[in-house]
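Novice: Need coordinates for the following:
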Amino acid sequence: MTSLEEGTTQHVVVVHPGNLMRHALTSILGEFRDISISSVTSLEELQTNLTMASAADVILFNIENIQQDVVYLTTLRAQNPRLKMLALAHHYELEDLFALFQINIDGALLDDVSQNTLKLAFKMLKEGQKLFPSNIGQILMARMLSPCAPLPIGALDEEIELSQREQEILHRLENGEANKRIALRLDIAEATVKVHVKSILRKIGVDNRTQAAIWSLRQRTYPWGQTCLPAIPDTLHYCTHTST
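Specialist: Next up is the predicted model:
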């Protein structure tokens, strides 16, 4: 057996819907003598098991539905602030990584990582390191070469008018700030912030703060003058170009 760190024990919860994969991950992690392991089939199941969720030091979870997973992960983080979160997925879009790391997960790996890589990942988590998928370079290069993602019909740049205050609040959402902190920074009531956030979500056509932050980040103009909006379900491909 291999030890992560003498004198310490981590409780890890493996979250995966597949029995075979869940068993395989549990077996690999079981080779560490200082790890205790539980397993569940979904983040939803873990969220409802308060005893298991509060006792966990690390969750190793499979990405199923990124938007719903972010909701569950946010709730789990609120229940257990010290919880470390390590994602596994066969493939990541850039927007997926934005969403995951905005809620401060600790790492995202491809699900074909080797046994040794997974062991190393857990050691790095204990040291406070952030982990990114091995193909992060390809993901970034692919977006630079083809930055346009699907756009929602009727949500083009020129059709969206945000007030100065809404723009200020949207910038704060990019930084992951809560309504209370935004209110303090802008010297306005928290209730007023909530009203503005609802207005922003409605105007840009997204469902939550995370999507709004991703939308805002994607409004940045690329060096060659090309701008795009983020990927949202039920969309068509659209891209705007400006002359340079």
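Novice: okay, and for this protein, where does confidence drop off?
Specialist: Applying pLDDT under 70 to the chain flags residues 1-7, 143-159, 218-244.
Novice: If we use 50, what do you get?
Specialist: Counting by pLDDT under 50, the chain shows low-confidence ranges at 1-3, 149-156, 221-244.
Novice: who does residue 110 bridge with?
Specialist: Assessed by DSSP bridges, residue 110 has beta-bridge partners residue 89.
Novice: Go ahead and confirm it touches residue 134.
Specialist: Yes: under the criterion of C-beta atoms under 8 Å, residue 110 makes contact with residue 134 at 6.1 Å. (C-beta placed from N, C-alpha, C; glycine too.)
Novice: what about those two, which has more around it?
Specialist: residue 110 (16 against 12; other C-beta atoms under 10 Å).
Novice: and the more buried one, what does it touch?
Specialist: 88-92, 133-135 (C-beta atoms under 8 Å, 6 or more residues apart in numbering).
Novice: out of everything not next to it in sequence, what's closest to residue 61?
Specialist: residue 15 (3.8 Å; C-beta to C-beta, 6 or more residues apart in numbering).
Novice: Mind checking what secondary structure the residue nearest to residue 207 when sequence neighbours are not counted has?
Specialist: Distance criterion C-beta to C-beta, 6+ apart; nearest residue to residue 207, sequence neighbours excluded, is residue 201 at 6.9 Å. Look at residue 201: counting by DSSP: H, G, I helix; E, B strand; the rest coil, its state is helix.
Novice: residues in contact with residue 201?
Specialist: Here residue 201 is in contact with 207-209, 211-212 (C-beta under 8 Å, 6+ apart).
Novice: Relative to residue 179, how far out is the residue nearest the centre of the chain?
Specialist: Nearest to the geometric centre of the chain sits residue 100, at 0.8 Å (C-alpha atoms, centre = their mean). Separation of residue 100 from residue 179 (C-beta to C-beta, to the nearest Å): 22 Å.
Novice: just residue 127 next, same as before
Specialist: Counting by C-beta to C-beta, the gap from residue 127 to residue 179 is 33 Å.
Novice: pretty sure the residue nearest to the centre of the chain contacts residue 86?
Specialist: No: using C-beta under 8 Å, residue 100 is not in contact with residue 86; the gap is 10.4 Å.
Novice: Would you map the strands across this structure?
Specialist: Secondary structure of the chain by DSSP state E: the strands cover 10-15, 35-40, 58-62, 84-89, 107-110, 150-151, 226-227, 236-237, 240-241.
Novice: Let me know which of the ones you listed is tucked in deepest.
Specialist: Of all the strands of the chain, strand 58-62 has the most neighbours on average by mean count of other C-beta atoms under 10 Å, namely a mean of 24.
Novice: Strand partners (parallel or antiparallel) of that one?
Specialist: Sheet pairing for strand 58-62, assigned by DSSP bridges, gives strand 10-15 (parallel), strand 84-89 (parallel).
Novice: which outside residues touch it?
Specialist: 10-18, 21, 25, 29, 43, 46, 69, 73, 76, 83-89, 111, 122, 125.
Novice: quick one, phi psi at the nearest residue to residue 34 once chain neighbours are set aside?
Specialist: Excluding its sequence neighbours, the residue lying closest to residue 34 (C-beta to C-beta, 6+ apart) is residue 9, at 4.9 Å. In terms of degrees, to the nearest 10, the main-chain angles of residue 9 are phi -130, psi 130.
Novice: Return the residues in contact with residue 180.
Specialist: Residue 180 touches residue 190, counting by C-beta under 8 Å, 6+ apart.
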